[in-house]
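J.: I need the structure of the sequence given here:
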Amino acid sequence: ALVANVLRNGSVLLQWGLRHWGPPPPRPSAALRGFALNCSWDGTYTRFPCDSVELGAACRDYLLAEAHGSVRYRLCLQPRYAPPRPAPPAQCVEFRVEPAAMRDIVVAMTAVGGSICVMLVFICLLVAYITENLMSP
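T.: Okay, the predicted model is just below:
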């Protein structure tokens with residue numbers, strides 16, 4: 001029901017559907033009023049901006065723009081119904097955003113390693129050509 005899509009730019013798109021929280025309310029007075037989004041994290045010196053966010057009833061996604069790398073997040077979404085219907089249990093999702101700097105380092109190291117391999121192949125082919133064609137037997 002609740003899915004966290006970690007995007008390449010470090011943001012997280014939360015998406016959910018209502019059908020996983022049980023049957024629709026029996027009468028209009030018990031209609032869905034909205035959602036409560038609560039957040040927690042495991043990290044040092046980290047401030048997280050979405051503690052107790054209230055979302056509208058028509059909302060089915062939420063974009064968390066700036067998630068910090070190497071921090072474990074736990075986001076819980078709970079639908080809010082009008083009384084007397086009790087609130088169903090919250091659904092939670094946990095994720096960790098890969099640090100952007102580490103991803104850039106890995107890409108750079110892969111590119112450099114690939115270039116070195118290509119250069120070594122060319123050197124080997126050149127040596128083979130020289131030994132085969134230019135040197136007398």
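J.: list the helices and strands the helix or strand containing L77 packs on?
T.: Assigned by DSSP states H and E, L77 belongs to strand 72-81. When contacts are defined as 3 or more C-beta pairs under 8 Å, 6 or more residues apart in numbering; DSSP states H and E, strand 72-81 packs onto strand 2-6, strand 12-16, strand 32-42, strand 91-96. Where C-beta positions appear, they are placed from N, C-alpha and C, glycine not excepted.
J.: Could you dump these into TSV with mean pLDDT and mean neighbour count added?
T.: Conversion of those to TSV gives the following (pLDDT from 0 to 100; neighbours: other C-beta atoms under 10 Å):
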stretch	mean pLDDT	mean neighbour count
strand 2-6	89	15
strand 12-16	90	17
strand 32-42	84	16
strand 91-96	88	15
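J.: residue ranges with poor pLDDT in this protein?
T.: Under the criterion of pLDDT under 70, the regions of the chain flagged as low confidence span 18-30, 43-51, 100-104, 135-137.
J.: rewinding a little: dump the strand holding L77 to PDB, keeping only the CA atoms.
T.: Taking C-alpha atoms only, strand 72-81 is exported to PDB below (Å, rounded to 0.1, in the frame of the first residue of the first chain):
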ATOM      1  CA  ARG A  72      17.700   5.300   7.700                       C
ATOM      2  CA  TYR A  73      14.200   6.800   7.500                       C
ATOM      3  CA  ARG A  74      10.900   5.400   8.700                       C
ATOM      4  CA  LEU A  75       7.800   7.000   7.400                       C
ATOM      5  CA  CYS A  76       4.300   6.100   8.700                       C
ATOM      6  CA  LEU A  77       1.100   7.100   7.000                       C
ATOM      7  CA  GLN A  78      -2.300   6.800   8.800                       C
ATOM      8  CA  PRO A  79      -5.700   7.700   7.300                       C
ATOM      9  CA  ARG A  80      -7.900  10.000   9.400                       C
ATOM     10  CA  TYR A  81     -11.600   9.300   9.400                       C
END
